[in-house]
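Student: how would this look folded up:
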Amino acid sequence: QVQLVESGGGLVQAGGSLRLSCAASGRTFNSYPMGWFRQVPGKEREFVAAINWPGGTTYYPDSVKGRFTISRDVAKNTVYLQMNSLKPEDTAVYYCAASTMVVVPTTPSRYKYWGQGTQVTVSS
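Tutor: Reported below is the predicted structural model:
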């Protein structure tokens, strides 16, 4: 059974920081890309960050570039999302995802495995 478990969400004031973690179990994803997405009610799931294996290349949309950093610990089979300078518009449920593709994808449909999500709320 493949499992991705996110943690680290919570309530933070604007300008603050949070670090999300995503632990993978049941199968190693050390050869495949990992990504973070977020979603608010009534909107499509939005790409936030992605990282290749073993972690030398990262991808971000303009909305979070310079504020968010994705990283992975190969030994722990864990991916992190460091979020700094948070804004109220970053409020969403954040999902970790794993892809089996060779090229790093930035669209949700190209990720095969998903975590349950963790809520991030940024107050103004």
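Student: geometric centre of this protein: which residue is closest?
Tutor: Nearest residue to the geometric centre of the chain (Cα atoms, centre = their mean): residue 36, 2.2 Å.
Student: list the contacts of it.
Tutor: 20, 22, 48-50, 70, 79, 81, 94-97 (Cβ atoms under 8 Å, 6 or more residues apart in numbering). The way it works is simple: take the backbone N, C-alpha and C, and place the C-beta from them, glycine included.
Student: okay, it: pLDDT?
Tutor: Residue 36 is assigned 98 on the pLDDT scale.
Student: backbone dihedrals for residue 64, both of them.
Tutor: The phi/psi pair for residue 64 (degrees, to the nearest 10) reads phi -120, psi -10.
Student: before we move on, what about the one 5 residues further on?
Tutor: Here the main-chain torsion angles of residue 69 (degrees, to the nearest 10) amount to phi -140, psi 120.
Student: residue 88 now?
Tutor: Per-residue torsions, residue 88: phi -50, psi -30 (degrees, to the nearest 10).
Student: strands - which of the contacts of residue 36 land there?
Tutor: 20, 22, 48-50, 70, 79, 81, 94-97 (DSSP state E).
Student: mind checking which of these are buried?
Tutor: 20, 22, 48-50, 70, 79, 81, 94-97 (16 or more other Cβ atoms under 10 Å).
Student: need the three-state assignment for the residue nearest to the centre of the chain.
Tutor: Put simply, residue 36 is strand when judged by DSSP: H, G, I helix; E, B strand; the rest coil.
Student: for residue 25, see how far away it is.
Tutor: 18 Å (Cβ to Cβ, to the nearest Å).
Student: got the buried residues for stretch 58-74?
Tutor: Neighbour count says stretch 58-74 has 58-60, 64, 68-70, 72 buried, by 16+ other Cβ under 10 Å.
Student: no wait, stretch 98-114
Tutor: By neighbour count on 16+ other Cβ under 10 Å, the buried set for stretch 98-114 is 98-99, 104-106, 108, 110-111, 113-114.
Student: quick one: residues in contact with that stretch.
Tutor: Applying Cβ under 8 Å, 6+ apart, the contact partners of stretch 98-114 are 2, 4, 24, 29, 32-35, 37, 44-45, 47, 50-52, 57, 59, 61, 95-97.
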